[in-house]
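Peer 1: model this:
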Amino acid sequence: MTNESEIERGIDAVLARIRDESGVTMVEAETVLSTAGIDVEGRLLLTTQRDANLVMWSGCSETFVAVMSAIAAHPDVRVYETSVFSYVADGLALDLPIAVAVDDGEAFQEPHWIPTAFDWEPRDGG
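Peer 2: Residues are numbered from 1 along each chain as shown. Sure thing, here's the model as predicted:
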C-alpha cells in the first residue's frame, strides 16, 4: 500500500531535480527518491500508456510507479525517448531489447525497453 504523503514528497523531490537538470533518467529519479528515504525497489514495471510492452523501467515499487506516473503526466514535464548511452553513463540499463520504430503505431508483442528522460518545459515559458 502506498502512502499519499510519501508520493507527494517523492513528486516534489523528482520535480526539483528535473527543474535543476535536463535529461533526468529513471536512474537519477531512483537516486533522488532513495536519498529522500523512499523505497524504489519492487516487482513492478513502469510502462507507457500506449503500449504495456514498452517498458520505461523495471524492478519498481508501487511508490516509484505512482511518483513517476505523476511526473510523466505533469503539464510542465517533457517525457522523451533518450539514448541508451544516458543510462550507460548512469551505470544502469535494462536487460531487454531496445524499442525501435516506436512511432510506427504497431504494438510490441513482447517487452522492449524505451530509454526515457525528463526535462522541465513550463507551458507558460517560465
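Peer 1: mind listing residues that contact the top helix by length along the chain?
Peer 2: When every helix of the chain is counted residue by residue (DSSP state H), the longest turns out to be helix 4-20. Counting contacts by Cβ atoms under 8 Å, 6 or more residues apart in numbering, the residues outside helix 4-20 that touch it are 24, 28-29, 32-33, 35-36, 38, 63-64, 66-68, 70-71, 74, 77, 118-120. Where C-beta positions appear, they are placed from N, C-alpha and C, glycine not excepted.
Peer 1: give the PyMOL command for selecting the buried subset of those.
Peer 2: To isolate in PyMOL the members of these that are buried, counting by 16 or more other Cβ atoms under 10 Å, one can use:
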select buried, resi 24+28+29+32+33+38+63+64+66+67+68+70+71+74+77+118+119+120
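Peer 1: just the C-alphas of the longest helix of the chain, formatted as CSV.
Peer 2: Extracted C-alpha coordinates of helix 4-20, given in CSV (Å, rounded to 0.1, in the frame of the first residue of the first chain):
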residue,chain,number,x,y,z
GLU,A,4,0.0,9.6,-0.3
SER,A,5,2.3,11.9,1.6
GLU,A,6,5.3,9.8,0.6
ILE,A,7,4.1,10.0,-3.0
GLU,A,8,3.7,13.8,-2.8
ARG,A,9,7.1,14.1,-1.2
GLY,A,10,8.6,12.0,-4.0
ILE,A,11,6.9,14.0,-6.7
ASP,A,12,8.3,17.2,-5.2
ALA,A,13,11.8,15.8,-5.0
VAL,A,14,11.9,14.5,-8.5
LEU,A,15,10.4,17.7,-9.9
ALA,A,16,13.1,19.7,-8.2
ARG,A,17,15.7,17.6,-9.9
ILE,A,18,14.1,17.9,-13.3
ARG,A,19,13.9,21.7,-12.8
ASP,A,20,17.6,21.8,-12.0
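Peer 1: before I go, just wanted to say thanks for your time.
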